[in-house]
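Peer 1: 3D model of this:
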Amino acid sequence: MLAAMTQQPNYDRANITIRRQNRNTLAMRVSPYGEIDVLIPYWIKPESRQVRQFIEESIHQLRFVPHEKMPVLHDEQRIRRLARKWAKRLQVSPGRIQLRRMVRKWGSCSSQGTVTLNTVLCYLPLPLVEYVIVHELVHLLILDHSPAFWSKVAEFMPDYQSAEHELNQYHL
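Peer 2: Model (predicted):
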């Protein structure tokens, strides 16, 4: 449950909102609209030196998720074609491939075989798009994140860890 919200006007990079929550650590996230939320425990004052220092150190590590104002690198049809190409290569048959705006995930795969990809992928570099596609399609074979799953991902994308690391630099 959110309590007090305080605007922090001293940072010129973006609109920063500090939210106090029932939590133990400080965290920072970027909303789909490019706003920065700093989440702090109730016991820390929003104007404290600890919070200011956390923001100053963390803000430089954020990569903002692209949005409508950025150039589209791939249209949805291209992403669907890529997904079909990878499905053929992995020898899987997704029931459906759909794109929609997702707030917390890059993609998902249902037990019924529907692969859903985040429309934000249209703004990301091709290797990251392909990593998300491969990741979700492998879930058609292995529904969990077991060692067998990662082994299968590595079979088709040997350098998947670097793509995953780069993707994790973006915040939804």
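Peer 1: Would you mind confirming that Lys45 is in contact with Val51?
Peer 2: Yes: contact criterion CB atoms under 8 Å: Lys45 and Val51 qualify, at 7.4 Å. For every residue, glycine as well, the C-beta is placed using N, CA and C.
Peer 1: Neighbour count for these two, which is higher?
Peer 2: Applying other CB atoms under 10 Å to Lys45 and Val51 shows that Val51 carries more neighbours, namely 18 against 13.
Peer 1: if I look at the more buried one, how far off is Pro41?
Peer 2: 10 Å (CB to CB, to the nearest Å).
Peer 1: Mutual contacts of these two, please.
Peer 2: Overlap of the contact sets of Val51 and Pro41 (by CB atoms under 8 Å, 6 or more residues apart in numbering) consists of Leu26.
Peer 1: Give me the mean pLDDT for stretch 18-34.
Peer 2: Average pLDDT, stretch 18-34: 80.
Peer 1: buried stuff in that stretch?
Peer 2: Ile18, Arg19, Arg20, Leu26, Met28, Val30, Ser31 (16 or more other CB atoms under 10 Å).
Peer 1: Show only the entries of these found in strands.
Peer 2: Members of the buried residues of stretch 18-34 lying in strands (criterion: DSSP state E): Ile18, Arg19, Arg20, Met28, Val30.
Peer 1: Just flag the most distant two among the residues you listed.
Peer 2: Arg20 and Val30 (18.8 Å; CB to CB).
Peer 1: Run through the bridge partners of Val115.
Peer 2: Ile97, Cys109 (DSSP bridges).
Peer 1: wait, doesn't it sit right on Ile97?
Peer 2: Yes: Val115 lies in contact with Ile97 (CB under 8 Å); the separation is 5.0 Å.
Peer 1: and those two? which has more neighbours close in?
Peer 2: Each of Val115 and Ile97 has its neighbours counted (other CB under 10 Å); Val115 has more, 25 against 21.
Peer 1: residues touching that one, list them.
Peer 2: 83, 94, 96-98, 107-109, 133, 136-137, 139-140.
Peer 1: So for stretch 114-131, mean pLDDT?
Peer 2: Mean predicted lDDT for stretch 114-131 stands at 92.
Peer 1: ok now it, how far from the chain's centre?
Peer 2: 10 Å (CA atoms, centre = their mean, to the nearest Å).
Peer 1: Endpoints of that stretch, how far apart?
Peer 2: 17 Å (CA to CA, to the nearest Å).
Peer 1: So which bits of that stretch are buried?
Peer 2: Buried, per 16+ other CB under 10 Å, within stretch 114-131: 115-118, 120-124, 128-131.
Peer 1: Where is the longest helix in the protein?
Peer 2: For the chain, the helix with the greatest residue count under DSSP state H is helix 76-90.
Peer 1: Alright, that wraps it up for me.
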